[in-house]
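Q: Got a predicted structure plus its sequence, pasted below:
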Amino acid sequence: MNSDSTDTAELSRPARRQAEIAAYVVEHGSVSANDLVEAFGVSVMTVHRDLDELERQGVVRKYRGGVTAQPTSVFESNVAYRLNTAQAEKAALARHARAMIEPGMSVMLDDSTSALALVELFEDITPLTVATNFLPAISRLTELRGVTLLALGGIYSPTHDSFGGMPCAEAVQALHTDLLFCSVSAVSPTHAFHQEQEIVLVKQAMLRSARTKVLLVDHGKLQRTALHRLAPLTDFDVVVVDERTPADLVRSLRDNGATVEVAHL
């Protein structure tokens, strides 16, 4: 092997290990640095160097003694973590929401993995016009016949794998769709919340740009708040929760004025 090939192989080893560490953290949610030392057979210094790089990329967040991919009231999870959480619940929410869509409608999807689950159900309800800023949804929609895709651009976020910021909000404001399907990170009995103002900016533009607004929320997001308040739940025409939501929480949402429907798993 020549020296150039050897150099390329050497350079790729940290990147491969970092990808494996990222997958390990996403799978486990939170782990200690010592866990990673044992799992990958490297030094503590190497682990911290890899975690620094992954944190720079927005994949994980370090804390004293460990690392996490889980959300907090201030930080949203990386999209890889979100794609692997509450999958059965998100599928149930999508099946329930699918009944609201008719051929010929225009539909807007935000950059939530809950709304992404709907994309797989679009094939038998075309023609549809679909607008979204979520890159995984855009990629999948390009493969569907009968779908007119409006890809909403803006400032790309690797953490969310979506486009946002003022350019995206302005693109959203130029539209008016029949339906909006969106989700958030946290829901109190009265309001929907998200950790990041940039994300809230786009979601609020979407709320103003749709005739019927549907919030898809799995039970793990209930009774939580985050740093930024998006909107009162009464601003949504329907709030769809999964059937694992405790009855008293459903009753609390309804008592506070929200129209709540329960999706069955």
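A: Done, it's in.
Q: Give me the sheet partners of the longest strand along the chain and which way each runs.
A: Ordering each strand of the chain by length in residues (DSSP state E) puts strand 210-217 first. Applying DSSP bridges, strand 210-217 is found paired with strand 177-182 (parallel), strand 238-242 (parallel).
Q: Can you lay out the ones you listed as JSON lines showing mean pLDDT and mean neighbour count?
A: Just so you know, the C-beta spots here come from the backbone N, C-alpha and C atoms, and that holds for glycine as well. Formatted as JSON lines, the strands paired with strand 210-217 follow (pLDDT from 0 to 100; neighbours: other CB atoms under 10 Å):
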{"stretch": "strand 177-182", "mean pLDDT": "98", "mean neighbour count": "23"}
{"stretch": "strand 238-242", "mean pLDDT": "98", "mean neighbour count": "22"}
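Q: mind giving me CSV with these and columns for distance to residue 251?
A: CSV is the format used below for the strands paired with strand 210-217 (distance: least, CB to CB, whole Å):
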stretch, distance to residue 251
strand 177-182, 24
strand 238-242, 12
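Q: In which helix or strand does residue 31 reside?
A: Residue 31 is part of strand 30-32, with elements assigned from DSSP states H and E.
Q: Just list what that strand packs against, helices and strands only.
A: The contact analysis (3 or more CB pairs under 8 Å, 6 or more residues apart in numbering; DSSP states H and E) places strand 30-32 against strand 66-68.
Q: so which of the strands paired with strand 210-217 comes closest to residue 86?
A: strand 238-242 (8.1 Å; CB to CB).
Q: Give the rounded mean pLDDT of the helix or strand following that closest one.
A: Downstream of strand 238-242, the next assigned helix or strand under DSSP H and E is helix 247-255. Mean pLDDT, helix 247-255: 96.
Q: quick one: helix 247-255 to strand 238-242, angle?
A: 180 degrees (axes from the mean of the first three to the mean of the last three CA atoms, to 10 degrees).
Q: Report the buried residues of helix 247-255.
A: 249, 250, 252, 253 (16 or more other CB atoms under 10 Å).
Q: now those residues in a markdown table, with distance to residue 66?
A: Formatted as a markdown table, the buried residues of helix 247-255 follow (distance: CB to CB, whole Å):
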| residue | distance to residue 66 |
| --- | --- |
| 249 | 31 |
| 250 | 35 |
| 252 | 34 |
| 253 | 35 |
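Q: which one of those residues sits closest to residue 169?
A: Using CB to CB, these come closest to residue 169 at residue 253, 27.7 Å.
Q: What distance do you get for the closest one to residue 31?
A: 34 Å (CB to CB, to the nearest Å).
Q: now swap in residue 141 and tell me
A: 35 Å.
Q: Look at the closest residue to residue 154 other than its chain neighbours and tell me its secondary structure.
A: Using CB to CB, 6 or more residues apart in numbering and skipping residues adjacent in sequence, the residue nearest residue 154 is residue 168, 2.9 Å away. Look at residue 168: counting by DSSP: H, G, I helix; E, B strand; the rest coil, its state is helix.
Q: quick one: the helices in the protein?
A: Remark: helices assigned in the chain by DSSP state H are 3-28, 33-40, 44-56, 79-83, 87-98, 113-119, 135-141, 165-173, 197-208, 247-255.
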